[in-house]
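Trainee: Predicted model follows, preceded by the sequence.
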Amino acid sequence: MSSFAVVKDIDHLVLTCHDVQATIAWYTKYLGMKPETFGPEGAPRHALKFGTHKINLHQRGNEFEPKARTALPGTADLCFILEEGTDLQGLITEFEKEGIRVLEGGEVVARTGAMGGIRSIYVRDPDGNLIE
């Protein structure tokens, strides 16, 4: 059976947040994402940009339509690819200094991603989303 369409890439995804500004602050400080405000005047929308992708942010209880059927903070599990040469052990140290718990025993762990083998660390963002 042939497909109706073939996905080439991902443009954006949406995170529903308890506090959009706290989410922006966390992702810009710890992961170097760039904040973006867009949309009509008087009804600004917020996003985080990285590479050629972005994460649109919805405020819990004030989501934009259409939205996911069950749009809740803390339900995402995201894996980001960091720049080549990033010192993961140093990143673990920095997270721990900031009081951010590194899961999996605070260690770098081997995983398999879309492009093959990767080295991962796991933390949670302010809403409890799992960030790899």
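Mentor: It's in. Residues are numbered from 1 along each chain as shown.
Trainee: Residue 88 versus the residue nearest the centre of the chain, what's the distance?
Mentor: When Cα atoms, centre = their mean is applied to the chain, the residue found nearest the centroid is residue 78 (5.7 Å). Separation of residue 78 from residue 88 (Cβ to Cβ, to the nearest Å): 17 Å. Bear in mind the C-beta positions are built from the backbone N, C-alpha and C, glycine included.
Trainee: just to revisit the earlier point, please name the nearest non-neighbouring residue to the residue nearest to the centre of the chain.
Mentor: Spatial nearest neighbour of residue 78, chain neighbours left out: residue 131 (5.8 Å); criterion: Cβ to Cβ, 6 or more residues apart in numbering.
Trainee: mind listing what that neighbour touches?
Mentor: 31, 78, 80, 122-125 (Cβ atoms under 8 Å, 6 or more residues apart in numbering).
Trainee: what's the answer for residue 106, then?
Mentor: Residue 106 neighbours (Cβ under 8 Å, 6+ apart): 92, 96.
Trainee: Can you give me the pLDDT of it?
Mentor: Looking at residue 106, its pLDDT reads 96.
Trainee: before we move on, could you check phi and psi at it?
Mentor: Here is the backbone geometry of residue 106 (degrees, to the nearest 10): phi 70, psi 30.
Trainee: related to what we said a few turns ago, for PyMOL, write the select line for the buried members of the contacts of residue 131.
Mentor: Selecting only the buried entries of these in PyMOL, with 16 or more other Cβ atoms under 10 Å as the criterion:
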select buried, resi 122+123+125
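Trainee: All the strands of the chain, residue numbers only.
Mentor: Using DSSP state E, the strands of the chain run over residues 12-17, 34-38, 45-50, 53-59, 77-78, 109-113, 116-120, 123-124, 130-131.
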